[in-house]
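*Asks:* coordinates for the following, if possible.
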Amino acid sequence: MEMLPPLSRTIFRSPAARLLHGNSPARALDGGGPQAWAELDASVDRSTFERSKGWTSSGTVRVGPHRFDAREIADWSTAPHWHDGHGVTWAATPPAAPELALCLCHADPRVREAALGRAAGRPEVLALVLIRCADTEEPVRERARAVLTAELDAAPAGPVHALTPLALLLSTRRYGARAWELWLERLGSPPAALIVELTRDPDAGTRFAAVRAALAHGLLPADRIADRLATGPLVARTARNHPAHLRRAALRLPAAQGDDEGLPALTSALDDPDPALRRIALDLLRGWDWQATARRETFEPAQLRTLYRRHRAEMRRVRLTW
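*Replies:* I've put the predicted structure just below:
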């Protein structure tokens, strides 16, 4: 009997639904980059949120011209959940990889923490353990870091290097710095070639994380980092249609490389609606060497005076506000 190849991923199922239907974590992903693991985590969190709060709901899903009950696509009442007095309602012990992955991403932090107790020696979910190291709940992330430290000591080099982009992506999260530190301890040194390569990644989040790491480790000069961060002149990079974190990082580049051409963009940012961007611009202009700029004759004297007066006016306004 001829064996047919396995079915490919279907657009009618979210990454979370694929896990619920028994796909392995790797097969549940949409794509192959580090952001695919982050999206899997977010997908499960969204799908299990209502159950974690004790809510019930029903809805329909449109597939082509037809509508189906959402439970026909993924019935989340069958997913593991927390039961007071019994803990996680595992379908089997030890849990299979899809069920363990679901629980590692679950909206209920009690389920996530319990799942970490079963994640040791399970390389198929190591990426999700890494994500839990940046969890918003302290007990979860502390346990995840302990598990990750033990796993990294025993893990071969191949899987560690394969997940380095994910560790780098997580480093930009509020609690993600420690995960990146643990990863660097295992690697021994920053993976310079990989970080530089990721500064050109098509995903903006990965690219930004790589740019930050390249700056921190001195892997690229500021002018080349500016090219990686975004394209076009600084005014375009700080335009309001760009993500806020990219605009703020781009605004710091002129001071980092001593570029007078960025001075107009800095003064323009003083009127930006983003308060963080205004603060960055004001701090940079406060330390700007205006005399050196005048000596270099980058601007006409009248233009430079206009920029300087705009800066001084903002300084006076801030002092009055304080």
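*Asks:* could you list the buried residues of the helix or strand residue 48 falls within?
*Replies:* For residue 48, the host element (DSSP states H and E) is helix 34-52. For helix 34-52, the neighbour count (16 or more other CB atoms under 10 Å) marks 34-45, 47-48, 51-52 as buried. Glycine gets a C-beta too; all of them are placed from N, C-alpha and C.
*Asks:* ok, residues contacting that helix?
*Replies:* Applying CB atoms under 8 Å, 6 or more residues apart in numbering, the external contacts of helix 34-52 come out as 14-17, 19-20, 25, 28-30, 56-57, 74, 76-77, 79, 81-82, 101-102, 105-108, 111, 127-128, 131, 163, 165-166, 168-170, 203, 205-206.
*Asks:* what's the PyMOL syntax to select whichever of the residues you listed are buried?
*Replies:* Applied in PyMOL, the following selects the buried portion of these according to 16+ other CB under 10 Å:
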select buried, resi 14+15+16+17+19+20+25+28+29+74+76+79+81+82+101+102+105+106+107+108+111+127+128+131+163+165+166+168+169+170+203+205+206
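*Asks:* what about the strands in the chain?
*Replies:* 60-63, 66-69, 82-83, 87-88 (DSSP state E).
*Asks:* show me where pLDDT drops low in the stretch 151-300 of the chain?
*Replies:* Scanning the stretch 151-300 of the chain for pLDDT under 70 picks out the ranges 221-247, 250, 253-262.
*Asks:* try it again at 80.
*Replies:* Under the criterion pLDDT under 80, the flagged ranges of the stretch 151-300 of the chain are 204, 215, 220-266, 268-269, 271-272, 277, 285-290, 292-293, 295-299.
*Asks:* how about residue 184: what's its closest non-neighbour residue?
*Replies:* Nearest residue to residue 184 in three dimensions, chain neighbours excluded: residue 190, at 6.2 Å (CB to CB, 6 or more residues apart in numbering).
*Asks:* could you pull out the helices for the stretch 1-150 of the chain?
*Replies:* For the stretch 1-150 of the chain, the helices defined by DSSP state H, counting those that start in this stretch cover 15-20, 25-28, 34-52, 70-73, 97-104, 109-116, 126-132, 138-154.
*Asks:* show me what the last one is packed up against.
*Replies:* In terms of contact count using 3 or more CB pairs under 8 Å, 6 or more residues apart in numbering; DSSP states H and E, helix 138-154 is assigned the packing partners helix 109-116, helix 126-132, helix 177-187.
*Asks:* quick one: which of these is nearest residue 293?
*Replies:* Among the helices and strands packed on helix 138-154, the nearest to residue 293 by CB to CB is helix 177-187 (35.4 Å).
*Asks:* what does that closest one contact?
*Replies:* Here helix 177-187 has contacts from 130, 133-134, 141, 145, 148-149, 152-153, 155, 160-161, 163-164, 167-168, 170-171, 190, 213, using CB under 8 Å, 6+ apart.
*Asks:* try stretch 93-103
*Replies:* Against stretch 93-103 from outside (CB under 8 Å, 6+ apart): 16, 19-20, 22-25, 28, 40, 44, 48, 79-80, 88, 90-92, 111-112, 114-115, 118-119, 122, 124-125, 128.
*Asks:* so which bits of it are buried?
*Replies:* Judged by neighbour count (16+ other CB under 10 Å), stretch 93-103 contains these buried residues: 95, 97, 98, 99, 100, 101, 102, 103.
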